[in-house]
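S.K.: Below is the sequence, then the predicted model.
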Amino acid sequence: MNFSSTPWNNAQKVRLSCLRLCNHAGARASDGLGTKAGNAKPRYSSSENFYFKAIRSAALLVAALLRFQCSLGREACRKAQIHAPQPGHDGFGGASRRLEMVQFPALPNRRGGNCRDRVVLGGGKTNWVDNASKKNTSLARTHPSRKNMNAARVGHPLCLQNGGVPMSTAKLIYTGIRYLSVGDEEEVPLGDGLSLLKPNESLISDDDRSLMNQLQFEDAGKVSRYLVLRYDVPMLPSERMDAIEKAEVTFRSGLSAFQIIKPVETLGLIFRGEDLHRSINVEQVEYRHPTDAGEWARLKRLDIKLLPQVIAMIPRVRAVLEGTSAELKNAVTLLQLGLENYHPLVAGMLWVMGMEAIFDSANRNDFRNKLCACLGPNTLAFPDWNDLTGPLPYVVKDIAVDLYMLQNKLAHGVDLRKAATDRTSPVDLLKTVKIHPDLEDTTYALLLSQAACFLLCQVIQKTI
């Protein structure tokens, strides 16, 4: 047979050949139907004999055809690891690895109500990009009407090689932070390309109204400072992704450093664009939940006295994010996820989970012992960062077990009222307490949730 013609003709020839083989297969019985010593040969009807002959002939034809197929390599093992392995020593046994949460998940727009997290600009139009596809081919929109940038932002958008060939482009990532008191300077450098800038028309202008709703636009102009990262992206494709990934880690390290030293409120919008020296070409906006650490954190600003601690914390956080410890990465990630969560009790559960990522406690007493060993039994659960108000009389040794109980009840979906009747460690999570004389009364469970945030911050400071 000739199989060099079209596939359709080939299929016809195969079927016709099968029929010929079936009709001329002869009277030879198949091996499976042959007689054996002491056994009688089974009898079949003429239609059954034709059926078995057809199967035998088709099998012979398939075997002949398969001989002409290309030899394939050894089949790959069909078992695959669910989670990417972390660097370590080869060998068997040992404790199983924990689930690592390294990258922030996509979060919906808190105030706009849209569940897509990024917008890319093109031709004056807002183009939404789904998280699943992440595809966009539109060109970025420039803002020619923007005023000249302040002295802290002056720089050339292109780094030129000899002969005028561009080597890289200047890019920006920035977001707003509320309630900072870091002086009157236009720019406060933080190192590694990071700085704090006052709001200006280069960072946010009327051209940006299409990127957000009215409330977001008003908040964008009222923030205390913008955390800005300026970095260069090489023109070579082989180097671009590394530069972008490094910049994302640096920016996240800077933002996390503020939260670890003293939790702050953020705008919730992260802008990415190109620095055109006299304007910013906004290329992408990421919508995240604005962070909120509760009433006690809002009573106090992050002032200039705490800024040296933030600057010193940035490289330590970056070392964690670039390192191999899943537990430390989880602690930093859970701190951020708790700050971005709407529900204060769920946020408190995430913050206790962050401490447990480091402690890996066996039970409530083990959790209390490890927390006391890390921070000290008499450490304040509500830090008085800048001595503006008196501290609350809650210390680690008194609330550690209560924190564990709250996390346990929330994680199992148990009625919080049942914690008061626990046989081992009863605690009334719904009793009324006061955080500050000027604030309304709250429940003990909500107070513990806020305390969990500040304790996790202190644990991270001690651990990384």
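M.R.: Looks like it arrived, so ask away.
S.K.: Arg225 is in contact with Ser195, isn't it?
M.R.: No: using C-beta atoms under 8 Å, Arg225 is not in contact with Ser195; the gap is 9.2 Å. Where you see a C-beta, it was placed from the backbone N, CA and C, and this is true even at glycine.
S.K.: Which neighbours do those two have in common?
M.R.: Val188 (C-beta atoms under 8 Å, 6 or more residues apart in numbering).
S.K.: so where's the stretch 251-400 of the chain uncertain?
M.R.: For the stretch 251-400 of the chain, the stretches with pLDDT under 70 are 386-391.
S.K.: Can you name the residues that contact Lys246?
M.R.: Tyr231.
S.K.: Can you say which helix or strand has it in it?
M.R.: helix 237-261 (DSSP states H and E).
S.K.: For that helix, which residues meet the burial criterion?
M.R.: 243-244, 247-248, 250-261 (16 or more other C-beta atoms under 10 Å).
S.K.: same question, stretch 436-455
M.R.: Buried, per 16+ other C-beta under 10 Å, within stretch 436-455: 442-455.
S.K.: which among those residues gets closest to Leu321?
M.R.: Ranked by distance to Leu321 (C-beta to C-beta), the buried residues of stretch 436-455 are led by Cys453 at 19.9 Å.
S.K.: Surely that closest one and Pro263 touch.
M.R.: Yes: using C-beta under 8 Å, Cys453 is in contact with Pro263, at 6.1 Å.
S.K.: any residues in contact with both of these two?
M.R.: Joint contacts of Cys453 and Pro263 (C-beta under 8 Å, 6+ apart) are Ala293, Ala297, Leu339.
S.K.: In contact with the first one, which residues?
M.R.: So that's Ala293. Gln259, Pro263, Val264, Glu265, Leu339, Gln450, Cys453, Phe454.
S.K.: which residues does the first one contact?
M.R.: With contacts defined as C-beta under 8 Å, 6+ apart, the neighbours of Gln259 are Thr291, Ala293, Leu335, Gln336, Leu339, Cys457.
S.K.: quick one: Arg278 is in a strand?
M.R.: No: applying DSSP: H, G, I helix; E, B strand; the rest coil, one finds Arg278 to be coil, outside a strand.
S.K.: okay, now it: neighbour count?
M.R.: The number of residues packed near Arg278 is 15, by other C-beta atoms under 10 Å.
S.K.: Over to Glu218?
M.R.: With other C-beta under 10 Å as criterion, Glu218 counts 10.
S.K.: which secondary structure elements does the host helix or strand of it contact?
M.R.: When elements are assigned from DSSP H and E, Glu218 belongs to helix 214-222. For helix 214-222, the elements it packs on are strand 266-275, judged by 3 or more C-beta pairs under 8 Å, 6 or more residues apart in numbering; DSSP states H and E.
S.K.: so what secondary structure elements neighbour the strand it packs on?
M.R.: strand 166-177, helix 214-222, strand 280-287.
S.K.: Going along the chain, name the strands of the stretch 301-450 of the chain.
M.R.: Assigned by DSSP state E, counting those that start in this stretch, the strands in the stretch 301-450 of the chain fall at 302-303, 432-433, 442-443.
S.K.: now those as a markdown table including distance to Met353?
M.R.: A markdown table is the format used below for the strands of the stretch 301-450 of the chain (distance: least, C-beta to C-beta, whole Å):
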| stretch | distance to Met353 |
| --- | --- |
| strand 302-303 | 25 |
| strand 432-433 | 23 |
| strand 442-443 | 21 |
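S.K.: one step back: any idea which of the shared contacts of Cys453 and Pro263 is closest to Asn213?
M.R.: The closest of those, once distances to Asn213 are taken by C-beta to C-beta, is Leu339, at 21.7 Å.
S.K.: For the closest one, which non-adjacent residue is closest in space?
M.R.: Thr291 (3.8 Å; C-beta to C-beta, 6 or more residues apart in numbering).
S.K.: check contacts around the one you found.
M.R.: Thr291 neighbours (C-beta under 8 Å, 6+ apart): Gln259, Pro263, Val264, Glu265, Thr266, Gly268, Gln336, Leu339, Glu340.
S.K.: Give me the phi and psi for it.
M.R.: According to degrees, to the nearest 10, the main-chain angles of Thr291 amount to phi -80, psi 150.
S.K.: cool, Val182 as well?
M.R.: Given degrees, to the nearest 10, the pair of backbone angles that Val182 has is phi -120, psi 30.
S.K.: How many residues are close by it?
M.R.: For Val182, using other C-beta under 10 Å, the count is 19.
S.K.: now do His343
M.R.: Count around His343 with other C-beta under 10 Å applied: 12.
S.K.: Can you give me the distance of it to Leu335?
M.R.: Using C-beta to C-beta, to the nearest Å, His343 is found at 16 Å from Leu335.
S.K.: Thr291 now?
M.R.: 10 Å.
S.K.: Val352 now?
M.R.: 11 Å.
S.K.: Let me see the contact set for the closest residue to Asn330 other than its chain neighbours.
M.R.: Nearest non-adjacent residue to Asn330, counting by C-beta to C-beta, 6+ apart: Ala357, 4.1 Å away. When contacts are counted by C-beta under 8 Å, 6+ apart, Ala357 touches Arg98, Glu327, Leu328, Asn330, Ala331, Leu334.
S.K.: same deal with Leu350?
M.R.: So Leu350 contacts Leu334, Leu337, Gly338, Asn341 (C-beta under 8 Å, 6+ apart).
S.K.: do the same with Leu267
M.R.: Thr175, Gly176, Ile177, Arg178, Gln216, Asp219, Ala220, Val223, Pro290.
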